[in-house]
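> structure for this input, please:
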Amino acid sequence: MQQRRLGGSGIPVSAVGLGCMGMSEFYGETNERESIDTLNRALEIGVSFWDTADIYGSGANETLLAKVLKERRSEVTLATKFGVRRGPDGSFLGIDGHPEYVKAACDASLQRLGTDRIDVYYQHRVDPQVPIEDTVGAMAELVKAGKVGLLGLSEASAQTVRRACAVHPIAALQTEYSLWTRDIEAEILPACRELGVAVVAYSPLGRGFLTGSIQTLDDLSAGDWRRANPRFQGENFRANLELAERIREAAAASGCTPAQLAIAWLLAQGPDVVPIPGTRHRKRLEENAGAVDLTLRQDQLAELTESLPPAAGMRYPEASMAALNG
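This is a model prediction of the structure:
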């Protein structure tokens, strides 16, 4: 597995990481045994940059990772996130960036993960009621205390990233970035590059849509949250099927799978871009990791970049969109 660096930190991470959210929630029925086998297989093939958050499964995802970390912690570059609060029943209570909550959330994550250090600690969403300087200041205290290695933000605007960097170095911005979601290219990506902030790209496969494996809503289980995502509904769904088909055709011409093509495109956007495709299956993990061996020609990259339309529909339901680019 190739390595990339997180911003100006010099810390190496696997060029393709692993998003662990779906192992515990959101994408239908889960299987702990298969997830644990996938985590162990990830380390065997060098996919060692793992991403979780305290809200995934209301803490259950961190607890799941702990079952592997207890024996293999030194092999993993571990990232988790805080800032979105959930109630005992799993309901979403809002965003919290208050300094006292930052510290309490970190301690809770450390306990669930069974470790004394988080390698990359992100603010999951920016709290509009709390100055970013206050939140990042509290995060910086965690670095001084040795509980956190590097700091990151998620779904923050270019202005917020600048303000945060003035308080403490920000190693990475986690945001959705893919062949069908390229919003960051106008302002956020240039700002990150100016500031030496890596881009950790979540949902690089369009939440599975770009793989071509989703042809109808019946391909998603009844409890899958994507059923409520605007891009998976009505005319948007039909338009996005055409986009996925064009990616499938381009992948066939390149002798790879659509997933590998989508990840390889992201890798080619620059050494400061680290995709973290999520999966809970070993077969998909191995397929995704294989993208590092695919080199796209400049004409292929140009064709994909210039000819593919953006996805039809918003990234999230309208209520969730307000929390993006904070």
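> max-length helix in this structure?
helix 234-254 (DSSP state H).
> the one helix or strand Thr80 maps to pairs with which strands?
Here Thr80, judged by DSSP states H and E, is contained in strand 77-82. Sheet pairing here is set by DSSP bridges, and for strand 77-82 it gives strand 49-51 (parallel), strand 118-123 (parallel).
> what sits up against it?
11-14, 48-55, 62, 65, 69, 101-102, 105-106, 109, 113, 115, 118-124, 152, 154, 174, 200 (Cβ atoms under 8 Å, 6 or more residues apart in numbering). C-beta coordinates here come from the backbone N, C-alpha and C atoms, glycine included.
> now, which of these lie within strands?
The strands, defined by DSSP state E, take in 12-14, 49-51, 118-123, 152, 154, 174, 200 from those.
> just the buried ones out of those, please.
Buried residues within the ones in strands among the contacts of strand 77-82, counting neighbours by 16 or more other Cβ atoms under 10 Å: 13-14, 49-51, 118-123, 152, 154, 174, 200.
> CA atoms only: put the longest helix of the chain into CSV for me.
The C-alpha coordinates for helix 234-254 follow below in CSV (Å, rounded to 0.1, in the frame of the first residue of the first chain):
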residue,chain,number,x,y,z
GLY,A,234,-37.1,10.0,-8.3
GLU,A,235,-35.7,11.8,-11.3
ASN,A,236,-32.4,12.3,-9.5
PHE,A,237,-32.0,8.6,-9.2
ARG,A,238,-32.6,8.1,-12.9
ALA,A,239,-30.2,10.9,-13.9
ASN,A,240,-27.5,9.5,-11.6
LEU,A,241,-27.9,6.0,-13.1
GLU,A,242,-26.8,7.5,-16.4
LEU,A,243,-23.8,9.1,-14.7
ALA,A,244,-22.9,5.7,-13.1
GLU,A,245,-23.2,4.0,-16.4
ARG,A,246,-20.7,6.4,-18.0
ILE,A,247,-18.3,5.6,-15.2
ARG,A,248,-18.9,1.9,-15.8
GLU,A,249,-18.0,2.3,-19.4
ALA,A,250,-14.9,4.2,-18.7
ALA,A,251,-13.8,1.6,-16.1
ALA,A,252,-14.3,-1.2,-18.6
ALA,A,253,-12.1,0.6,-21.1
SER,A,254,-9.4,0.9,-18.4
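> that helix - what's its average pLDDT?
Averaging pLDDT along helix 234-254 gives 93.
> measure how buried Thr246 is and give me the count.
Let me fix one detail, which is that residue 246 is Arg and not Thr. Residue neighbour count, defined by other Cβ atoms under 10 Å, stands at 17 for Arg246.
> er, Leu308 actually
Leu308 has 16 nearby residues by other Cβ under 10 Å.
> gap between the closest residue to it other than its chain neighbours and Ser58?
Nearest non-adjacent residue to Leu308, counting by Cβ to Cβ, 6 or more residues apart in numbering: Leu179, 5.8 Å away. Relative to Ser58, Leu179 is positioned 32 Å away (Cβ to Cβ, to the nearest Å).
> compare those two (neighbour count), which wins?
Leu179 (25 against 17).
> strand partners of the next helix or strand after the strand holding Thr80, parallel vs antiparallel please.
Helices and strands here follow DSSP H and E; after strand 77-82, the next one along the chain is strand 84-86. Using DSSP bridges, strand 84-86 pairs in its sheet with strand 92-95 (antiparallel).
> now the strand it pairs with - C-alpha only, CSV.
Extracted C-alpha coordinates of strand 92-95, given in CSV (Å, rounded to 0.1, in the frame of the first residue of the first chain):
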residue,chain,number,x,y,z
PHE,A,92,-29.8,13.6,16.9
LEU,A,93,-29.7,16.5,19.4
GLY,A,94,-27.6,19.0,17.5
ILE,A,95,-24.0,20.2,17.1
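> worst-scoring helix or strand of the protein, pLDDT-wise?
helix 318-321 (a mean of 76; mean pLDDT, DSSP states H and E).
> partners of Arg5 in the sheet?
Note on Arg5: beta-bridge partners by DSSP bridges are Pro12.
> tell me what the residue positioned nearest the centre of the chain is bridged to.
Centroid-nearest residue in the chain, with Cα atoms, centre = their mean: Tyr202, separated by 2.9 Å. Counting by DSSP bridges, Tyr202 forms beta bridges with Glu176.
> surely it and Gly19 touch.
Yes: between Tyr202 and Gly19 a contact is recorded at 5.9 Å, counting by Cβ atoms under 8 Å.
> who touches both of these two?
Common neighbours of Tyr202 and Gly19, using Cβ under 8 Å, 6+ apart, are 51, 276, 278.
> can you get me a residue count around the last one?
The one in question is Gly278. Residues contacting Gly278 under the criterion other Cβ under 10 Å number 23.
> next up, phi/psi of the closest residue to it other than its chain neighbours, please.
Computed as Cβ to Cβ, 6+ apart, the closest residue to Gly278 that is not its neighbour in sequence is Gly19, at 3.1 Å. Dihedral pair for Gly19: phi -80, psi 130, per degrees, to the nearest 10.
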